[in-house]
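Colleague: all I have is the shape, not the residue letters:
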Ligand SMILES: Cc1ncc(COP(=O)(O)O)c(C=O)c1O
Ligand SMILES: N[C@H](C=O)CCC(=O)O
């Protein structure tokens with residue numbers, strides 16, 4: 001039973017969990033015993049249609065057969081060498097083909113490592129110390145990212161984590177998302193190595209960039225010789241095969257990836273222009289290394305996932321599901337706004353517009369939570385936090401899954 005597991009977990013883990021957002025499930029986290037397709041199965045004998053999908057990586061759904069087959073083949077051959085293997089080249093070739101701004105790439109193990117290293121590289125390249133980020137953007141759990149951070153950092157009231165040296169904090173400048181004037185002013189007045197941005201914000205709910213925002217970032221960073229880093233840990237291979245860069249027609253100097261490119265296994269990557277990437281060790285003097293970098297299991301699962309995506313028009317199918325689900329959400333009587341970009345979306349109650357983190361924080365979180373709990377009772381799992389994104393998968397592209405979701409939304413919409 002989940003209740004018993006939870007009691008024991010509280011003894012071993014701070015707050016009972018190993019990543020904070022998992023403790024946002026009320027009244028206590030349920031424990032999952034299995035996942036298959038669009039469904040997760042709990043230790044309490046319930047099944048739920050899963051719209052969290054491991055917080056984004058599982059764009060094919062749980063335990064996809066093709067990915068499973070390829071991973072098992074790789075396990076038969078061995079799972080860690082500390083020596084290069086063919087599959088890392090195959091995955092790099094595919095990523096670079098779809099995202100041409102990535103001329104060279106380094107595989108690491110998480111989105112956190114990806115952004116941490118991309119920032120270090122930008123500093124090494126420009127010989128400047130400061131970076132500019134946006135309020136509510138989440139770039140992982142390292143010191144340079146935990147300033148006005150979204151996701152669980154906002155959910156649990158610590159957008160600015162304790163334990164980060166003042167000297168570090170002084171190097172991180174923050175603007176409001178979609179505020180180009182602020183960006184121009186800061187770039188003009190400070191020596192900034194890089195602007196790092198989530199091209200679609202997926203960590204304060206979903207917040208799209210306003211028209212011209214990303215293009216404006218491109219223009220201003222070029223003018224001030226500052227690097228532009230697109231954090232595509234969520235959007236990479238989600239909005240289009242070429243990520244947000246292809247979708248919005250804006251090219252970044254450095255890109256960070258994670259989630260989907262590991263097919264559900266631990267992954268991160270950063271890549272970009274050859275001349276910048278060649279500053280990395282061993283060809284340059286900006287250090288990065290890792291025992292598990294480019295581990296063959298994550299490489300294989302990622303490659304298999306991208307192969308299915310190429311074959312099966314996954315982005316359009318997942319977008320269709322998101323359209324159907326949000327059409328039903330629109331019918332909810334309680335005043336709300338829905339932000340959706342392709343196959344990622346979120347609903348905010350009690351507000352008319354959400355275009356930045358400050359507006360997202362004004363939404364009625366307690367109403368969202370009530371809706372999320374109602375949905376769980378009706379067999380559908382939405383993120384347990386207002387500040388996460390709802391995702392769809394290929395496995396959700398199924399009439400029964402969609403109609404059961406629509407029915408659950410109807411039954412869950414009494415919110416006053
Ligand atoms: C945009 C973005 N960047 C970075 C990260 C950090 O990735 P990870 O959790 O794999 O460290 C996340 C999610 O956690 C993310 O959503
Ligand atoms: N929003 C986070 C990543 O995208 C959620 C994952 C986590 O914090 O456990």
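Modeller: Good, I have the coordinates. Owing to the predicted nature of the structure, the values given are computational and were not obtained by experimental measurement. Ligands and ions are numbered 1, 2, ... in the order given.

Colleague: C-alpha only now, for contacts and for neighbours.
Modeller: Fine.

Colleague: which strands and helices lie in contact with the strand or helix carrying residue 222?
Modeller: Residue 222 is part of helix 213-223, with elements assigned from DSSP states H and E. On a contact count with 3 or more CA pairs under 8 Å, 6 or more residues apart in numbering; DSSP states H and E, helix 213-223 meets helix 180-189, strand 227-231.

Colleague: which bits of this protein sit near ligand 2?
Modeller: Contacts of the chain with ligand 2, taken as CA under 6 Å from any ligand atom, map to 19, 21, 55, 151, 152, 203, 388.

Colleague: just the buried members of those residues?
Modeller: Buried members of the residues of the chain next to ligand 2, scored by 16 or more other CA atoms under 10 Å, are 21, 55, 151, 152, 203, 388.

Colleague: out of those, flag the one nearest to ligand 1.
Modeller: Proximity of these to ligand 1 (CA to the nearest ligand atom) peaks at residue 203, which lies at 6.1 Å.

Colleague: quick one: residues contacting the closest one.
Modeller: 136, 137, 138, 150, 151, 387, 388, 389 (CA atoms under 8 Å, 6 or more residues apart in numbering).

Colleague: what's the last one sitting at in phi/psi?
Modeller: In this entry, residue 389 is assigned phi and psi values of phi -100, psi 150 (degrees, to the nearest 10).

Colleague: please apply the same query to the second one.
Modeller: Per-residue torsions, residue 137: phi -70, psi 140 (degrees, to the nearest 10).

Colleague: burial check on it, number of neighbours?
Modeller: Residues near residue 137, counting by other CA atoms under 10 Å, number 31.

Colleague: contact partners for residue 210?
Modeller: For residue 210, the contact set (CA under 8 Å, 6+ apart) comprises 178, 355.

Colleague: ok, it to residue 177 distance?
Modeller: 9 Å (CA to CA, to the nearest Å).

Colleague: which residues are in contact with both of those two?
Modeller: Joint contacts of residue 210 and residue 177 (CA under 8 Å, 6+ apart) are residue 355.

Colleague: re the thing from before, show me what counts as buried in the helix holding residue 222.
Modeller: 213, 214, 216, 217, 218, 220, 221.

Colleague: centre of the chain to it, how far?
Modeller: Here helix 213-223 is found 23 Å from its chain centre; the criterion is CA atoms, centre = their mean, to the nearest Å.

Colleague: endpoint to endpoint, stretch 141-148 covers what distance?
Modeller: Taking CA to CA, stretch 141-148 runs 12 Å from one end to the other.

Colleague: I'd like the buried ones among the residues of the chain next to ligand 2 as JSON lines, with secondary structure appended.
Modeller: Listed next are these as JSON lines, based on DSSP: H, G, I helix; E, B strand; the rest coil:
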{"residue": "21", "secondary structure": "helix"}
{"residue": "55", "secondary structure": "helix"}
{"residue": "151", "secondary structure": "coil"}
{"residue": "152", "secondary structure": "helix"}
{"residue": "203", "secondary structure": "coil"}
{"residue": "388", "secondary structure": "coil"}
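
Colleague: per-domain residue ranges of the protein.
Modeller: 31-63+312-412, 65-310 (automatic domain parsing).

Colleague: got those as JSON lines, with distance to residue 4 and mean pLDDT columns?
Modeller: JSON lines is the format used below for these (distance: least, CA to CA, whole Å; pLDDT from 0 to 100):
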{"stretch": "domain 31-63+312-412", "distance to residue 4": "10", "mean pLDDT": "98"}
{"stretch": "domain 65-310", "distance to residue 4": "24", "mean pLDDT": "97"}
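
Colleague: what would those domains look like in JSON lines with distance to residue 14?
Modeller: What follows is the domains of the chain, written out as JSON lines (distance: least, CA to CA, whole Å):
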{"stretch": "domain 31-63+312-412", "distance to residue 14": "17"}
{"stretch": "domain 65-310", "distance to residue 14": "14"}
